[in-house]
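Peer 1: Only the shape, not the letters, is given here:
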């Protein structure tokens, strides 16, 4: 099969999957759906204090072959390999409900968050609910309610217990990334053989296909 044909097929299938991604990657649509998610997070945490948790957020580095020239250094992350960042939000079952991808690997997760539609539009979660995040994110009330663990060194039994419950609930996003990477090793566990501007489409393809 000619290389050009393979190229066309890959791009065509990727575009088709990305076009329908919002059918499978979406925020809870009803108050009842949100209540199920919140109860699920409380169950993961093992504490009623997390009954208002609406999702968990984190970033994932997608290994790429960097563009040539000085701009290529912008894609080198703290682990010293070139990447593009996938910011993802999941529910209590590890299902992705929001994604944002495209920033170079050298950019901090908090900066990616501030430029994401989730932060700028602030349509989710509804008032009274919050998002679980790790220590790489800021603890916020507005415009996006973000709850992070207490910073180290941790002092006091109450603080230690909070961090423990928080970790049990938040780790679902890490497990979600792990399952996705295991299923699509060619996308997430080796450098993608595509131009770096096409990587966001391939990544969204992988996320949507994982849910499908």
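Peer 2: The structure has been received and is ready for your questions. All of these numbers come straight from a predicted model, not from anything done at the bench.

Peer 1: For the spatially most central residue of the chain, give me its contacts.
Peer 2: In the chain, the centroid-proximal residue (Cα atoms, centre = their mean) is residue 88; its distance is 1.6 Å. Residues near residue 88 by Cβ atoms under 8 Å, 6 or more residues apart in numbering: 57, 58, 59, 60, 96, 98, 99, 100, 173, 176, 177, 207. All C-beta atoms are positioned from the backbone trio N, CA, C, and that covers glycine.

Peer 1: In the helix ranked longest in the chain, which residues are buried?
Peer 2: Looking across the chain with DSSP state H, the single longest helix is helix 157-183. Neighbour counts over helix 157-183 (16 or more other Cβ atoms under 10 Å) mark 162-163, 165-166, 168-174, 176-177, 180-181 as buried.

Peer 1: Tell me the one among these nearest to residue 43.
Peer 2: residue 169 (8.7 Å; Cβ to Cβ).

Peer 1: Quick one: residues contacting that closest one.
Peer 2: 41, 42, 44, 45, 50, 53, 56, 92, 132.

Peer 1: Look at the nearest residue to it once chain neighbours are set aside and say how many residues are nearby.
Peer 2: In space, and not counting its chain neighbours, residue 169 is closest to residue 45: 3.8 Å by Cβ to Cβ, 6 or more residues apart in numbering. Residue neighbour count, defined by other Cβ atoms under 10 Å, stands at 22 for residue 45.

Peer 1: The chain should start at 666 in everything you say after this.
Peer 2: With the count now opening at 666, the last piece we talked about shows up as residue 710.

Peer 1: wait, isn't residue 710 in contact with residue 827?
Peer 2: No - judged on Cβ atoms under 8 Å, residue 710 makes no contact with residue 827 at a distance of 9.7 Å.

Peer 1: what about residue 667, distance to residue 677?
Peer 2: Using Cβ to Cβ, to the nearest Å, one obtains 15 Å as the distance from residue 667 to residue 677.

Peer 1: out of these two, which sits in the more crowded spot?
Peer 2: When neighbours are counted by other Cβ under 10 Å, residue 667 and residue 677 differ, and residue 677 comes out ahead with 10 against 7.

Peer 1: picking up where we left off before, can you tell me which of the contacts of residue 753 has the most neighbours?
Peer 2: residue 872 (27 neighbours).

Peer 1: Now do the same contact list for that one.
Peer 2: So residue 872 contacts 686, 690, 751, 753, 761, 764, 845 (Cβ under 8 Å, 6+ apart).

Peer 1: just residue 691 next, same as before
Peer 2: Residues near residue 691 by Cβ under 8 Å, 6+ apart: 762, 763.

Peer 1: and if we set it to 10 Å?
Peer 2: Taking Cβ atoms under 10 Å, 6 or more residues apart in numbering, we find residue 691 in contact with 698, 760, 761, 762, 763.

Peer 1: Quick check: which element contains it?
Peer 2: Under the criterion of DSSP states H and E, residue 691 resides outside all helices and strands.

Peer 1: quick one on the thing from earlier: so which two of the contacts of residue 691 are the farthest from each other?
Peer 2: 698 and 761 (14.9 Å).

Peer 1: Look at the residue nearest to residue 841 when sequence neighbours are not counted and give its secondary structure.
Peer 2: Nearest residue to residue 841, sequence neighbours excluded (Cβ to Cβ, 6+ apart): residue 759, at 3.8 Å. Put simply, residue 759 is coil when judged by DSSP: H, G, I helix; E, B strand; the rest coil.
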